[in-house]
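> sequence and computational prediction follow.
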2 protein chains.
Amino acid sequence: MDRSNTVFIGRKPVLNYVLACMTLFKSGHEEVSIKARGRSISRAVDVVEVLKNRFMADAQVSDIKIGTETVESDDRGPSNISTIDITVKA
Amino acid sequence: MDRSNTVFIGRKPVLNYVLACMTLFKSGHEEVSIKARGRSISRAVDVVEVLKNRFMADAQVSDIKIGTETVESDDRGPSNISTIDITVKA
């Protein structure tokens, strides 16, 4: 998988990730993939909405996928975590 | 809008909403719409994934929409909140 156009959402402020997306678009990527797991999923949606509504009016969501990943944690054994992958087109 | 086949996700445990979805499917609806705002968005994805993976193997996500709503709060004036609407087909 080519990850060069992917932004992984963590716990930083929303605008950090919006900036990361815009940097990828400016560097020539036509599509950017925004990925998040667990509680960061809400923030991924925030990033896309802020990007569209405040910075790139012509950006469009071209695909949204949801899924489940199994994560190994030391103390509680494997657990399932939800994922989202939002593709945005410039 | 017909809201009879809609489940609004709040702060209750995930399984409560999974059960609500299954009740709608059993009562004859072919599609169920799962809606959430703000931090509940992650839980909406959890609900769909648990429903698909543990209870209804043949359920499919037919559409996912994200958006923004403006909410009026008394103390801080209007603020924007992200939304998600996941349509699941039996």
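Cool, got the structure. Keep in mind that this is a model prediction, so the values were computed, not measured.

> which parts of the longest helix seen in chain A are buried?
Taking DSSP state H as the criterion, chain A has its longest helix at helix A:14-26. Buried positions in helix A:14-26, judged by neighbour count with 16 or more other Cβ atoms under 10 Å in any protein chain shown: A:14, A:17-18, A:20-22, A:24-25. C-beta here means a position set from N, CA and C on the backbone, and glycine is covered the same way.

> ok, residues contacting the helix or strand harbouring A:Val32?
Secondary structure from DSSP states H and E places A:Val32 in strand A:31-37. Outside strand A:31-37, the residues that touch it by Cβ atoms under 8 Å, 6 or more residues apart in numbering or on different chains are A:5-9, A:17, A:21, A:24-25, A:43-44, A:47-48, A:62, A:69, A:81-90.

> and what of stretch A:12-19?
With contacts defined as Cβ under 8 Å, 6+ apart, stretch A:12-19 is touched by A:7, A:9, A:34, A:43-44, A:46-47, A:50-51, A:54-55.

> just the buried subset of those residues, please.
In terms of neighbour count (16+ other Cβ under 10 Å), the buried residues within the contacts of stretch A:12-19 are A:7, A:9, A:34, A:43-44, A:46-47, A:50-51.

> now the residues you listed in a markdown table, with secondary structure, pLDDT and distance to B:Arg76?
Output for those, formatted as a markdown table (DSSP: H, G, I helix; E, B strand; the rest coil; pLDDT from 0 to 100; distance: Cβ to Cβ, whole Å):
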| residue | secondary structure | pLDDT | distance to B:Arg76 |
| --- | --- | --- | --- |
| A:Val7 | strand | 98 | 28 |
| A:Ile9 | coil | 98 | 25 |
| A:Ile34 | strand | 98 | 27 |
| A:Arg43 | helix | 98 | 20 |
| A:Ala44 | helix | 98 | 24 |
| A:Asp46 | helix | 98 | 17 |
| A:Val47 | helix | 98 | 21 |
| A:Val50 | helix | 97 | 17 |
| A:Leu51 | helix | 97 | 23 |
